[in-house]
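Novice: only geometry, no sequence info:
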């Protein structure tokens, strides 16, 4: 069973005012918890809607804003976390016995993009001149659709390894009316970088963006030193790379003030056997590939950074 706080207008709900939904007849939705400080909805009289309604509290609105983290962790990784003991003892193997829900991971990432990152990315991309942009690890293609939809005359390509996410991406593109300008392609980005896959589709790409995928691409220590060089070779027309990732926390950080997401994120990747890297490591790898930062900004989620890099 999945539960969700109301994030907007729903059919059959009284949502003429933001944050207000019709109360369920049995009163279940009237209030969560006795402490109004932690309640996400509260009961209110509404003459306009013919009776009681359930209205989001401040905590409820904050929960809606944070819902991408819940979708990502509970929807995407609940099986992984529940099997942590088996993974730790070697009784189970990630990718064989235990899997993550790729569609929910992609959905949660898209929700977080809209809540925390879209404004920053839009500001950064205003300074980037592009005609065809590729999004590596595009998830449900919400980001590439939004970016292309806001820039007339441009085209976009979303590449993601997940079949379910790619199917959702095709629906996202259709819903946005961008089927003639944006494509969602199921592809392993490592195949694109190292095995010349999908060369025709990416030949015209002049700008590459990727968000929260790089640590997966850097997982293999054998290919890690040359990853960004191979990325440049895979996209020969690209001169601008807009790349972001969540990075390993500095070792000296006060453990009493850690964001809960950082702990969950690092635990999930430790269980999957995917190493995380420091900001300094990323910058060393960029430099080795002759990718030069022209802008670096904090990017929504704790310990996450966005780079605009020029290929020289």
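Specialist: Great, that's in hand. Every value quoted in this text rests on a predicted model; they were computed, and no experiment measured them.
Novice: In the stretch 201-312 of the chain, mark out all the strands, start to finish.
Specialist: 207-211, 240-246, 291-298, 304-311 (DSSP state E, counting those that start in this stretch).
Novice: Next, name the residue at the spatial heart of the protein.
Specialist: For the chain, residue 109 is the residue whose C-alpha lies nearest the centre (C-alpha atoms, centre = their mean; 2.5 Å).
Novice: which residues touch stretch 116-125?
Specialist: With C-beta atoms under 8 Å, 6 or more residues apart in numbering as the test, stretch 116-125 has contacts from 68, 113, 143, 146-147, 150-151, 211, 242, 244, 295, 297, 299-301, 306, 308. Bear in mind the C-beta positions are built from the backbone N, C-alpha and C, glycine included.
Novice: give me that answer again for 6 Å
Specialist: With contacts defined as C-beta atoms under 6 Å, 6 or more residues apart in numbering, stretch 116-125 is touched by 299, 300.
Novice: what's the average pLDDT for that stretch?
Specialist: Across stretch 116-125, pLDDT averages out at 89.
Novice: ok, and for that stretch, which residues are buried?
Specialist: Neighbour-count burial for stretch 116-125 flags 116, 117, 118, 121, 124, 125 (criterion: 16 or more other C-beta atoms under 10 Å).
Novice: just stretch 273-292 next, same as before
Specialist: Using 16+ other C-beta under 10 Å as the test for burial, stretch 273-292 gives 276, 277, 279, 282, 285, 286, 289, 291.
Novice: In helices only, show me those.
Specialist: 279, 282, 285, 286 (DSSP state H).
Novice: Would you reformat the residues you listed as JSON lines and include pLDDT?
Specialist: Shown next, in JSON lines, are those (pLDDT from 0 to 100):
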{"residue": "279", "pLDDT": "95"}
{"residue": "282", "pLDDT": "97"}
{"residue": "285", "pLDDT": "97"}
{"residue": "286", "pLDDT": "97"}
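Novice: Quick one: residues contacting residue 92.
Specialist: Contacts of residue 92 by C-beta under 6 Å, 6+ apart are 83, 86, 98.
Novice: Torsion angles phi and psi at it?
Specialist: The phi/psi pair for residue 92 (degrees, to the nearest 10) reads phi -140, psi 160.
Novice: I figured residue 111 was touching residue 68, is that so?
Specialist: Yes. Counting by C-beta atoms under 6 Å, residue 68 is a contact partner of residue 111 at 3.3 Å.
Novice: which residues are common contacts for these two?
Specialist: Common neighbours of residue 111 and residue 68 (criterion: C-beta under 6 Å, 6+ apart): none identified.
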